[in-house]
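> A predicted structure for the sequence below; I have some questions about it.
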Amino acid sequence: MTGVQTCALPISVERGIANCADASIILSHLLENNDMKVNIVAFPEHVMVEAKIDAKNDIRWVFDADLGVVLPYSIEKIIKNPALIVEHYIAAGCSKDRIGVIERTLAAKPKAFLDHFEFSPKRAIFEDISYALIWLIPIFLIAVSIIIFERI
């Protein structure tokens, strides 16, 4: 979970590159837009999305958006029995080494977040402000330059 993440769906998609946190944020947006309840589940070294695919029967699946893996189990079930994930990651083309890393990651206690804002509130606020400033600062500098040159 390194690099520069973004909370804005269009910006993440436009960049065309994402780490596990970005991919999970994008997927959580898409699932929420299709009326699914989601949690962003953050482990110390990986981020996944848990979605309630059947609210009536409380059926939840975990999505590893970074590696393109769908796990038809709840996060609680996966944590209790990490061996459940192996066949799904193999089917997605992941190496045994990568699967081992994911299994070790699942041994850590995760934190669940209701949405991208709760997952990273400071980043979400900073991102909105910074995207406004990339336009306001140049406009301000141009206006100041015009004023200075008119006085000369």
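Noted; the coordinates are in hand.

> Does residue 45 belong to a helix, a strand or coil?
coil (DSSP: H, G, I helix; E, B strand; the rest coil).

> My error: substitute residue 139 in the last question.
Residue 139 ends up helix, using three-state DSSP.

> For burial, what's the neighbour tally of residue 133?
Neighbourhood size, residue 133 [other Cβ atoms under 10 Å]: 11. In short, each C-beta sits where N, CA and C put it, glycine included.

> cool, residue 31 as well?
Neighbour number of residue 31 under other Cβ under 10 Å is 19.

> That one: what's it in contact with?
Counting by Cβ atoms under 8 Å, 6 or more residues apart in numbering, residue 31 touches 38, 49, 51, 63.

> how about these in a markdown table, adding pLDDT and neighbour count?
Below are those laid out as a markdown table (pLDDT from 0 to 100; neighbours: other Cβ atoms under 10 Å):
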| residue | pLDDT | neighbour count |
| --- | --- | --- |
| 38 | 90 | 23 |
| 49 | 93 | 24 |
| 51 | 93 | 21 |
| 63 | 94 | 22 |
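
> Name the nearest of these relative to residue 132.
Nearest to residue 132 among the contacts of residue 31 is residue 38, at 27.6 Å by Cβ to Cβ.

> and after the helix or strand encompassing that closest one, which helix or strand comes next?
When elements are assigned from DSSP states H and E, residue 38 belongs to strand 37-42. Using DSSP H and E, the helix or strand that follows strand 37-42 in sequence is strand 47-54.

> Would you list the phi and psi of residue 57?
phi -100, psi 10 (degrees, to the nearest 10).

> Buried ones in the helix or strand harbouring residue 22, by neighbour count?
Using DSSP H and E, residue 22 maps to helix 20-33. Neighbour counts over helix 20-33 (16 or more other Cβ atoms under 10 Å) mark 20-32 as buried.

> go on, stretch 44-60?
Here stretch 44-60 shows 46, 47, 48, 49, 50, 51, 52, 53, 60 as buried, counting by 16+ other Cβ under 10 Å.

> Now distance to residue 139 too, for these, in CSV please.
What follows is the buried residues of stretch 44-60, written out as CSV (distance: Cβ to Cβ, whole Å):
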residue, distance to residue 139
46, 41
47, 36
48, 41
49, 38
50, 43
51, 41
52, 45
53, 46
60, 47
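
> mind giving me the domain ranges of this structure?
The chain breaks down by automatic domain parsing into domains covering 9-119, 120-152.
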